[in-house]
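K.L.:
Provided below are the primary sequence and the corresponding predicted coordinates.
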Amino acid sequence: MRVTVAAWAMCGLMAAVAHAQPAPSGDALEHNNRGAALLKDGKKVEAVAEFRKAVAVSPEDATAQANLAYAYEQSGQLEEAIAAYQTLLARDPKHATARNNLAALYSRTGRHDDAIREFEALVEGDPADAMARHNLERARRNKAIVHERDEQSGRAVKAAEARPHDPRAAYDVARVYAQQGDHEAALTWLGKAFALGYDQIDFVSVDPALARLRNDPRFGKLVEGRRTR
């Protein structure tokens, strides 16, 4: 039992045992311990496999489900982690750590309304939880920032669509997206600007709005292609 407790503790915040949780089987405990050890050694894919086995053996074991969700998250399988946390919360709605981690994943994947809903549930469950209140306010700010950015890029695109043959209008859209860190959209619009005849290449090479974009190898190729026309 000492090894099992240590393994659960290794998984940190996701190791809490659910209320009235049935005792897991010996096989589930063994798979859980193996998964914890593998995760500690940085073998994330193998850890996921072990935690999946633990869940398969003891589907009602909230600890195994929590550790599976955590392992998915650590391995970068965010959608799988979200689904695992959702499954856990459907069985144990009071699992505050799972709800917090799910909300954080929603924020990371741009699902701000979902994040706000989960953080609000945490605050409602424990109004004295300062961290939950802080995270809720941050989620609301993130949503507002995204909304503002969408409106900014939307205005620029609308202006460019109203002047479909104006290379400067297309270039302005590229600048907006570049400042927002959206390299794909910025390069697409920069390519449109070049195709329409934008020829201020020297300015493109020093434009502060494109500072981060210039670190993308595709930027240099795009500019060089315009120079050689």
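P.N.:
Yes, it's here. Model, not experiment: these values are computed from the prediction.
K.L.:
Domain ranges for the protein, per the record?
P.N.:
2-97, 163-227 (automatic domain parsing).
K.L.:
now the end-to-end length of the last one.
P.N.:
This points to domain 163-227. Start to finish, the residues bounding domain 163-227 are 24 Å apart (Cα to Cα, to the nearest Å).
K.L.:
re earlier: which of the domains of the chain sits closest to residue 143?
P.N.:
domain 163-227 (15.5 Å; Cβ to Cβ). The way it works is simple: take the backbone N, C-alpha and C, and place the C-beta from them, glycine included.
K.L.:
now the helices for the protein?
P.N.:
2-10, 26-40, 44-57, 62-74, 78-91, 96-108, 112-125, 130-162, 167-180, 183-195, 201-204, 217-227 (DSSP state H).
K.L.:
got JSON lines for the ones you listed, with distance to residue 211 and mean neighbour count too?
P.N.:
Supplementary listing: the helices of the chain in JSON lines, determined by distance: least, Cβ to Cβ, whole Å; neighbours: other Cβ atoms under 10 Å:
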{"stretch": "helix 2-10", "distance to residue 211": "42", "mean neighbour count": "14"}
{"stretch": "helix 26-40", "distance to residue 211": "38", "mean neighbour count": "20"}
{"stretch": "helix 44-57", "distance to residue 211": "34", "mean neighbour count": "21"}
{"stretch": "helix 62-74", "distance to residue 211": "32", "mean neighbour count": "26"}
{"stretch": "helix 78-91", "distance to residue 211": "29", "mean neighbour count": "18"}
{"stretch": "helix 96-108", "distance to residue 211": "25", "mean neighbour count": "21"}
{"stretch": "helix 112-125", "distance to residue 211": "27", "mean neighbour count": "18"}
{"stretch": "helix 130-162", "distance to residue 211": "17", "mean neighbour count": "14"}
{"stretch": "helix 167-180", "distance to residue 211": "8", "mean neighbour count": "22"}
{"stretch": "helix 183-195", "distance to residue 211": "11", "mean neighbour count": "19"}
{"stretch": "helix 201-204", "distance to residue 211": "12", "mean neighbour count": "14"}
{"stretch": "helix 217-227", "distance to residue 211": "11", "mean neighbour count": "14"}
